[in-house]
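A.B. asks: Pasting the sequence and the predicted model now:
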Amino acid sequence: MTPQEIEALFTRADGSYLFARWGRPIVPVVFGVDDKTLGTVKGAIEAVVGLAGHQMAETDPELGVNCMFFFFRDWDELLEVPDLDRLIEGLGPLVAKLKEADANQYRVFRFDEQNAIKAAFVFLRMDAELSQVPAETLALGQVVQTVLLWSDRAFTDASPLARVPEGDRVILRPDIAGVIRAGYDPVMPAVAQDPSHALRLAARVGREQ
């Protein structure tokens, strides 16, 4: 990928550049799925975290769990989740906004003192559209969008996933995989707001290739 293409992945709609990765091991939990889908989601998490060279853990000393995936049919169901309003500030107005927009997915991030990611909440309303997406594809796509703080416009025109004709499989795009690995390089900062950071990412992606 060119530096300009990588910069676009972390340039928000207001023109600001913002990159952030997880600053602590990821401790996931999944709500609203059967055991088979649970295994699929956790498998996707393990694969992407392994790709990044990051870590998972059994518990987070501050939060217990820090990466929550919610699968449900109606946004109002979130209002019934015990203590979720304590984790998500302004949950009521947010639910109302998402209902009005007829949204079927939303992600919320929380950050530590250094502005690295310390928690993520993934909400998936399983409407007719999402229900048609294979569990493996849905899980991988959501985990990829949670492992880094991408731009709000990063994947509006192109998915981070690609279909492989052989076996009709869906995989993470190699260029996006390269950006994830580069972003988690130990010599790279956990947080960056200067677009020159994209040049450093591009250099590492280029060396991989």
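C.D. replies: Perfect, I can see it now. Bear in mind that the values here come from a model prediction, so they are computed numbers and not experimental data.

A.B. asks: what does the model give the closest residue to V108 other than its chain neighbours for pLDDT?
C.D. replies: Counting by C-beta to C-beta, 6 or more residues apart in numbering, F121 is the residue found nearest to V108 once chain neighbours are left out, at 4.3 Å. Where C-beta positions appear, they are placed from N, C-alpha and C, glycine not excepted. pLDDT for F121: 97.

A.B. asks: Use 52 as the first number for this chain going forward.
C.D. replies: From this message on, residue numbering opens at 52, which makes the last subject F172.

A.B. asks: R232 versus F172, what's the distance?
C.D. replies: Distance, F172 to R232, using C-beta to C-beta, to the nearest Å: 25 Å.

A.B. asks: Of these two, which one has the most company?
C.D. replies: Under the criterion of other C-beta atoms under 10 Å, the comparison of F172 against R232 puts F172 first, with 19 against 16.

A.B. asks: now that one: how far from F121?
C.D. replies: Using C-beta to C-beta, F172 is found at 7 Å from F121.

A.B. asks: ok, now F174?
C.D. replies: To F121, F174 is 5 Å away according to C-beta to C-beta.

A.B. asks: Now list whatever residues contact both of those two.
C.D. replies: L129 (C-beta atoms under 8 Å, 6 or more residues apart in numbering).

A.B. asks: more neighbours, these two?
C.D. replies: Each of F174 and F121 has its neighbours counted (other C-beta under 10 Å); F174 has more, 23 against 19.

A.B. asks: which ones are touching that one?
C.D. replies: By C-beta under 8 Å, 6+ apart, the contact list for F174 reads F121, F123, W126, L129, L149, Q156, Y157, R158, V159.

A.B. asks: and what of A186?
C.D. replies: Neighbouring residues of A186 by C-beta under 8 Å, 6+ apart: K87, T88, T91, V92.

A.B. asks: Mind giving me the ChimeraX command for buried ones among those?
C.D. replies: A single ChimeraX command selects the buried members of the contacts of A186 (16 or more other C-beta atoms under 10 Å):
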select :88,91,92
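
A.B. asks: Closest to Q183 out of the contacts of A186?
C.D. replies: The shortest approach to Q183 among these belongs to T88, at 14.7 Å (C-beta to C-beta).

A.B. asks: and the host helix or strand of that closest one, what does it pack onto?
C.D. replies: T88 is part of helix 86-103, with elements assigned from DSSP states H and E. Applying 3 or more C-beta pairs under 8 Å, 6 or more residues apart in numbering; DSSP states H and E, one finds that helix 86-103 contacts strand 79-82, strand 118-123, helix 186-198, helix 225-234.
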